[in-house]
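Colleague: would you be able to build a 3D model of this:
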Amino acid sequence: MKQTNRLFILNFLIFSLIITSFNLKAQSNWEAGLRFGDNWSVEATVPIGAKPRLHPAVYFDRFGVATYFDWMFELSDGPTGLKFYPGVGPEIFFGDEVDFDVAGDFGVEYAFDFPMTIGFDWRPGFRVTDGMKWKSNNWGFIVRYRFKEGTKLVPSN
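Modeller: Below you'll find the model as predicted:
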């Protein structure tokens, strides 16, 4: 089996393990949508508590998968629905060579009263497979659909 396939399967198994270790309870929202910018992707947000969430993405400019762990913050006395987040997570890109990155995920987003969220983020990071080379050109505009109100993941016993 090629190294590319092994890395893809490993990332998929890690993500699946994280997701299956949680039970669904009521309170927050799942979202899915598109990210346009330097690297465009299909992405989702999966709440895992009151503030943190998982933020998986599948990139298409150069095929890759990523999962970020974001901490959500609201501005005190700010508009309802406006949040910002710092995050971090692994990125794996495939092609002639496989690249593994550790990236930040810094953004701001606004959730409308109807089921749509828009946002802007920046995902700088280090390319571990290239001597910790710094990369900072991953900017993007996000549009996501917010699924049924009241879905939240909480740790299972």
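
Colleague: end-to-end on stretch 119-131?
Modeller: Using C-alpha to C-alpha, to the nearest Å, the span of stretch 119-131 from its first residue to its last is 32 Å.

Colleague: can you name the residues in contact with that stretch?
Modeller: Residues outside stretch 119-131 that contact it (C-beta atoms under 8 Å, 6 or more residues apart in numbering) are 35, 39, 66, 68, 91, 97-110, 132-136, 138-142, 144. (C-beta placed from N, C-alpha, C; glycine too.)

Colleague: so what does residue 130 have for phi and psi?
Modeller: Per-residue torsions, residue 130: phi -130, psi 50 (degrees, to the nearest 10).

Colleague: quick check, pLDDT for it.
Modeller: The predicted structure scores residue 130 at 84 on the pLDDT scale.

Colleague: could you do residue 23 as well?
Modeller: At residue 23 the predicted local confidence, pLDDT, stands at 44.

Colleague: which SSE is the residue positioned nearest the centre of the chain in?
Modeller: For the chain, the residue lying nearest the average C-alpha position, counting by C-alpha atoms, centre = their mean, turns out to be residue 55 (2.2 Å). With secondary structure defined by DSSP states H and E, residue 55 is part of strand 52-59.

Colleague: would you confirm that the residue nearest to the centre of the chain contacts residue 69?
Modeller: Yes: Residue 55 is within contact range of residue 69, at 7.4 Å (criterion: C-beta atoms under 8 Å).

Colleague: joint contacts of those two?
Modeller: Shared contacts of residue 55 and residue 69, counting by C-beta under 8 Å, 6+ apart, come down to 87, 89.

Colleague: would you mind measuring from the closest residue to residue 58 other than its chain neighbours to residue 116?
Modeller: Nearest-residue entry for residue 58: residue 42, 5.1 Å, with adjacent residues in sequence omitted and distances by C-beta to C-beta, 6 or more residues apart in numbering. Here the criterion is C-beta to C-beta, to the nearest Å. By it, residue 42 lies 16 Å from residue 116.

Colleague: ok, now residue 36?
Modeller: The gap separating residue 36 from residue 116 is 15 Å, by C-beta to C-beta.

Colleague: in contact with residue 70, which residues?
Modeller: With C-beta under 8 Å, 6+ apart as the criterion, the residues that contact residue 70 are 45, 52-55, 85-87, 105, 107.

Colleague: can you pull up the bridge partners for residue 120?
Modeller: When assigned by DSSP bridges, residue 120 has beta-bridge partners residue 108, residue 141.
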